[in-house]
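Colleague: Build me a model:
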Amino acid sequence: MAAAVALLVAAAVAAVWTGVSWYSAAHDDNAAFARTRDTVLAAGEQAVQNMNTLDHAHLAQGLDVWEQSTTGDLHTQLVQGRADFEKQVQQAQTVSTAKVLSAAVTDLDDRTGKADVMVALQITVQAPKAKPAVKESRLLGEMTRTSAGWKLSALGQAPMGDSASATDPGTTAAPATTAPTTAAGH
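Modeller: Residues are numbered from 1 along each chain as shown. Down below sits the predicted model:
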């Protein structure tokens, strides 16, 4: 009888310890920050890939995806420049596809809803009657939390080596000219 009581007490202690451990882990600030970082990384990879993928045969759909992936000044610039850009892509008749090679969140401020990501891509541009051009590109993006999730608010080239001429993702002037024309390979 004493052994059964001891076993019952040990089981109760183990159950309480397991419950407390589970609760602590589920409400740990480090775990919440890690989940946010993972969410930002996934959204950043997808948004940068979206901004570097465009098929002239499905232009409206592709540009809609660009707009859905962005927010703030970058979004405004894409919307305002859409008609001119559509003409350029239709004339060039190119197809650009991007594949994420690697990515990282380089800064995350969960309190303000801002984050920076670096994404390495392999971009393939196919023009009519030409061999596909394949290049690797490293881009810096700024992510902003919106009511619809994390979205790209700035995009620019990452510095290569000790280059000082790269675009700072914190600015919104560069993405208006580089995102549609350079980053997407058009």
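Colleague: how about the strands in this structure?
Modeller: 54-55, 95-109, 114-126, 133-146, 149-157 (DSSP state E).
Colleague: what's near enough to touch the nearest residue to residue 107 once chain neighbours are set aside?
Modeller: Leaving out its chain neighbours, the residue that sits closest to residue 107 by CB to CB, 6 or more residues apart in numbering is residue 116, at 4.2 Å. Where you see a C-beta, it was placed from the backbone N, CA and C, and this is true even at glycine. Residue 116 sits next to 105, 106, 107, 108, 140, 141, 142, 143, 169 when contact means CB atoms under 8 Å, 6 or more residues apart in numbering.
Colleague: my guess is the fourth one meets residue 41, correct?
Modeller: If I follow you right, that is residue 108. No: using CB atoms under 8 Å, residue 108 is not in contact with residue 41, being 9.3 Å away.
Colleague: returning to what we had before: quick one: closest of the strands of the chain to residue 13.
Modeller: Closest approach to residue 13 among these is made by strand 95-109 (38.7 Å; CB to CB).
Colleague: and the closest one with strand 133-146, angle?
Modeller: Taking axes from the mean of the first three to the mean of the last three CA atoms, to 10 degrees, strand 95-109 and strand 133-146 form an angle of 40 degrees between their directions.
Colleague: Strand 95-109 - contacts with which helices or strands?
Modeller: Contact analysis of strand 95-109 by 3 or more CB pairs under 8 Å, 6 or more residues apart in numbering; DSSP states H and E lists helix 29-51, strand 54-55, strand 114-126 as its packing neighbours.
Colleague: Give me the below-cutoff pLDDT ranges for this structure.
Modeller: 20-22, 24-28, 162-186 (pLDDT under 70).
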